[in-house]
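Undergrad: The following block contains a protein sequence and its predicted model.
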Amino acid sequence: MPRILAASVFSANSGESAAFFRSSRVLILLLIVSGICSGLRSGCFAIANTILVKRLRGSLFASLIFQDISFFDTEMVGSLTSRLGADCQRLSHVIGNDIHLIIRNVIQGTGALINLLSLSWPLTLPTLVICSVLAIIFSFYGRYQKRAAMFAQEFNACANNVAQETLSLMRTVRAYGTEGEELGRYKQWLDELGFVSIRESVAYGFWNMSFLSLYRSTQVLAVLLGGMCIMNSHASAEQLTKYILYCEWLIYATWRVVDNSSSLLQSIGASEKVFQLMDLLPADQFFSKGVKLQRLMGNIRFVNVSFHYPSRITVPILDHLNLSVQANEVVAIVGLSGSGKSTLVNLMLRLYEPVSGQIYIDGLPLKELDIRWLREKIGFVGQDPHLFNMDIESNIKYGCPRDVEEEDIEWAAKQANAHEFISSLQLGYQTIVDGNLLSGGQKQRIAIARAILRDPAILVLDEATSALDAESEYNVKGVLHALRNESRAKRTVIIIAHRLSTIKTADRIAVMDGGRIVEMGDHTELLLKGGFYSRLVRAQAESLA
Ligand SMILES: Nc1ncnc2c1ncn2[C@@H]1O[C@H](COP(=O)(O)OP(=O)(O)OP(=O)(O)O)[C@@H](O)[C@H]1O
């Protein structure tokens, strides 16, 4: 275009109307073609951007949810959601914006350079030197930008984490009046973020200053050197005009390339963690195709099992633990808080692997069984059951491996003592579970119904502690009662109980202390023995008296 622009101006100046109109027609044609091409380019890259964000977020989420449970012990939820949201968005910006602008400007700059060289290579050299200086300054600036972006993303993730934690624990924050402290914690990360951003802005200012000075100097140089050439009759005014226009194009293209490269480096810096997370291999247990038995009887055996959590390797939790549970037996596990009861269940669900020893299910090592198949056969109700933000029916059906009818759902709800309160809700089973609509005990009953609906061969109930105790005791006792009277419900049951009165009717009671089973027997036997269990019962009776 600069060549044709200059030709039009100088043909008009010399009164060559035919040449002027010919050039003008070409200019209009170029204008239309470049407009259409720009539109297509931007549109296509914007579409690519949208597809990329979708794929990135999908792949990252897939990578996250197939990680070992121990991964979630160390990674913060707020930080992971920040990677899934802002970081993925930023990475897609690379394709949607930076890469296509870089390609466009590299092509435009190369074209300008070729034209400049064909006009006069000695005059092109100073412009090339300026462009090289620009590139060197940028390489330093770019490296700085990349590091700054990484810090900014990290601080942003930490701020998100504090916000998520505070907002989800708002009731505790209000009850303890710690709004000020939480605000302080959030602001601390904002300050860190602000500090990095200010330094980033100062560096950007320096970069812009260098760029603009160099940019202007190409124009001044072009006029100076070109003017001298005209005076020495080495060049015409038309050539000088073309030369100045091409210089302008070249330096503009260089600026755009380095500016977009800077943004590209920032995005890459910010996305390093996204790639690290995406590169994580899924947990081994999702790869191994284990054995599927024809029927799970529900025999469980822990042989010499020792364990510590991967995040706290110096703290042994289970110590050469041995436990044997027969099919269809109801076994209660009791012990002081922190003695390792829930950990035992975590190992049985293969959420963690034992450090040594072996767990056998129906005589086969747990590791050799198909873990998905096994989990389908186990019903688990945790201490603090969280429900999904969907209707009660879907919550009860959640993860059920078989097709179920409405009657099955009602049956499970009745077994869990949940049918009555669900029916009293205006929309019954279609009521959406959101916020604090249900009490903790009601949520627990729905979670119990969910576990029962799977018709599991092994049912694990981790009785809730603290405030929920009384209601939880009632819920768990209810389930035990139903299991005893319901022929359809023959299964192995493991109950972790805090209220010892809950489990009087259990076939056997295993007493845990310091990561070991220290006593085993039924309620009466253990009371008669006068050991740890009887002391626990006495202590609890005294505390309730
Ligand atoms: N994910 C984890 N990472 C590191 N340590 C953990 C983890 N979960 C539990 N622990 C630690 O393991 C020990 C045993 O915890 P566990 O939850 O098994 O005890 P528990 O007997 O079920 O206690 P409670 O009766 O209070 O539920 C505790 O000291 C606890 O701090």
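TA: Thanks, I have the structure now.
Undergrad: which stretches of the stretch 401-545 of the chain form strands?
TA: Using DSSP state E, counting those that start in this stretch, the strands of the stretch 401-545 of the chain run over 458-462, 492-496, 508-513, 516-521.
Undergrad: again, but for the chain
TA: Here the chain has its strands, by DSSP state E, at 300-308, 316-325, 330-335, 356-361, 364-365, 378-381, 458-462, 492-496, 508-513, 516-521.
Undergrad: What mean pLDDT does stretch 329-345 get?
TA: Averaging pLDDT along stretch 329-345 yields 88.
Undergrad: Residues in contact with that stretch: which ones?
TA: With CB atoms under 8 Å, 6 or more residues apart in numbering as the test, stretch 329-345 has contacts from 302, 307, 309, 317-318, 321, 323, 325, 352, 380, 383, 460, 462, 465, 480, 483, 492-498, 500, 502-503, 505-515, 533, 536. Backbone N, C-alpha and C define where each C-beta goes, glycine included.
Undergrad: again with stretch 254-274
TA: Stretch 254-274 is contacted from outside by 56, 60, 83, 87-88, 90-91, 93-94, 97-99, 101-102, 105-106, 109, 131, 134-135, 138, 141-143, 145-150, 152-154, 207, 211, 215, using CB under 8 Å, 6+ apart.
Undergrad: Kindly report the same for stretch 106-116.
TA: 2-3, 123-124, 127-128, 242-243, 246-247, 249-250, 253-254, 257.
Undergrad: quick one: which of those is nearest to Ile422?
TA: Closest approach to Ile422 among the contacts of stretch 106-116 (CB to CB): Val257, at 63.6 Å.
Undergrad: and the gap between the closest one and the ligand?
TA: Separation of Val257 from the ligand (CB to the nearest ligand atom, to the nearest Å) stands at 49 Å.
Undergrad: Show me the contacts of stretch 106-116 that map onto helices.
TA: 2-3, 123-124, 127-128, 242-243, 246-247, 249-250, 253-254, 257 (DSSP state H).
Undergrad: nearest to the ligand, of those residues?
TA: Nearest to the ligand out of the ones in helices among the contacts of stretch 106-116 is Val257 (CB to the nearest ligand atom; 49.1 Å).
Undergrad: Now do the contacts for the residue nearest to the closest one when sequence neighbours are not counted.
TA: Excluding its sequence neighbours, the residue lying closest to Val257 (CB to CB, 6 or more residues apart in numbering) is Asn105, at 4.7 Å. Residues in contact with Asn105 (CB under 8 Å, 6+ apart) are 252-254, 256-257, 260.
Undergrad: Kindly report the same for Glu406.
TA: Glu406 makes contact with 393, 429, according to CB under 8 Å, 6+ apart.
Undergrad: can you check the one 4 residues further on too?
TA: Listed by CB under 8 Å, 6+ apart, the contact partners of Glu410 are 419, 429.
Undergrad: Distance of it relative to the ligand?
TA: Separation of Glu410 from the ligand (CB to the nearest ligand atom): 32 Å.
Undergrad: same check, this time on Ala203
TA: To the ligand, Ala203 is 41 Å away according to CB to the nearest ligand atom.
Undergrad: Please apply the same query to Ser17.
TA: For Ser17, the distance to the ligand - CB to the nearest ligand atom - is 85 Å.
Undergrad: Which pLDDT does the model give the closest residue to that residue other than its chain neighbours?
TA: Closest residue to Ser17 apart from its sequence neighbours, by CB to CB, 6+ apart: Ser11 at 7.9 Å. On pLDDT, Ser11 comes in at 85.
Undergrad: Ser79 now?
TA: Confidence score, pLDDT, at Ser79: 79.
Undergrad: want to throw the strands of the chain into CSV with distance to the ligand and mean neighbour count?
TA: As requested, the strands of the chain are exported to CSV (distance: least, CB to the nearest ligand atom, whole Å; neighbours: other CB atoms under 10 Å):
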stretch, distance to the ligand, mean neighbour count
strand 300-308, 8, 19
strand 316-325, 5, 19
strand 330-335, 6, 24
strand 356-361, 15, 17
strand 364-365, 22, 14
strand 378-381, 13, 24
strand 458-462, 7, 24
strand 492-496, 6, 24
strand 508-513, 7, 22
strand 516-521, 12, 17
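Undergrad: burial of Gly142, as a residue count?
TA: 19 (other CB atoms under 10 Å).
Undergrad: Please enumerate the helices of the stretch 51-200 of the chain.
TA: Assigned by DSSP state H, counting those that start in this stretch, the helices in the stretch 51-200 of the chain fall at 69-74, 77-82, 88-93, 100-119, 121-168, 170-176, 179-231.
Undergrad: other SSEs contacting the third one?
TA: Going back to what we said before, that points to helix 88-93. helix 17-65, helix 237-279 (3 or more CB pairs under 8 Å, 6 or more residues apart in numbering; DSSP states H and E).
Undergrad: mind checking which of these is nearest His523?
TA: It's helix 17-65; of the helices and strands packed on helix 88-93, that one is closest to His523 (CB to CB) at 41.5 Å.
Undergrad: And that closest one, how far out from the chain middle?
TA: Relative to its chain's centre, helix 17-65 lies at 31 Å (CA atoms, centre = their mean, to the nearest Å).
Undergrad: Check stretch 169-183 too.
TA: Relative to its parent chain, stretch 169-183 has a centroid offset of 26 Å by CA atoms, centre = their mean.
Undergrad: And stretch 262-272, by the same measure?
TA: 19 Å.
Undergrad: Count residues in the vicinity of Gly530, would you?
TA: Residues lying near Gly530 (other CB under 10 Å) number 10.
Undergrad: Model confidence at it, what's the number?
TA: As predicted, Gly530 sits at a pLDDT of 82.
Undergrad: cool, and the one 10 residues further on?
TA: Looking at Gln540, its pLDDT stands at 76.
Undergrad: Then the one 4 residues further on?
TA: pLDDT, Leu544: 61.
Undergrad: And for Val202?
TA: pLDDT, Val202: 91.
Undergrad: residue contacts, Met1?
TA: Met1 touches 27, 30, counting by CB under 8 Å, 6+ apart.
Undergrad: just the one 10 residues further on next, same as before
TA: Shown here is Ser11, whose contacts under the criterion CB under 8 Å, 6+ apart are 17, 19-20, 23.
Undergrad: Buried ones among the residues you listed?
TA: Neighbour counting over the contacts of Ser11 (16 or more other CB atoms under 10 Å) leaves 20, 23 as the buried ones.
Undergrad: mean confidence score for stretch 146-153?
TA: 82.
Undergrad: follow-up on the earlier one: which of the contacts of stretch 254-274 are buried? Put it as a PyMOL command.
TA: Buried residues among the contacts of stretch 254-274 (16+ other CB under 10 Å), as a PyMOL selection:
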select buried, resi 56+60+83+87+88+90+91+93+94+97+98+99+101+102+105+109+131+134+138+141+142+145+146+148+149+150+152+153+154+207+211+215
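Undergrad: show me where pLDDT drops low in the stretch 201-350 of the chain?
TA: Residue ranges of the stretch 201-350 of the chain with pLDDT under 70: 270.
Undergrad: Spell out which residues of it are next to the ligand.
TA: Proximity of the stretch 201-350 of the chain to the ligand, by CB under 6 Å from any ligand atom, involves residues 309, 311-312, 317, 335, 337-343.
Undergrad: same check, this time on the stretch 1-150 of the chain
TA: Asp73.
Undergrad: ok, back up a step: could you dump the strands of the chain to TSV with distance to Asp434?
TA: Shown next, in TSV, are the strands of the chain (distance: least, CB to CB, whole Å):
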stretch	distance to Asp434
strand 300-308	37
strand 316-325	36
strand 330-335	34
strand 356-361	37
strand 364-365	42
strand 378-381	21
strand 458-462	24
strand 492-496	29
strand 508-513	37
strand 516-521	42
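Undergrad: Pick out the residue nearest the middle of this structure.
TA: The residue lying closest to the centre of the chain (CA atoms, centre = their mean) is Leu80, at 3.5 Å.
Undergrad: That one reaches Leu64, doesn't it?
TA: Yes. With contact defined as CB atoms under 8 Å, Leu80 counts as touching Leu64 (6.2 Å).
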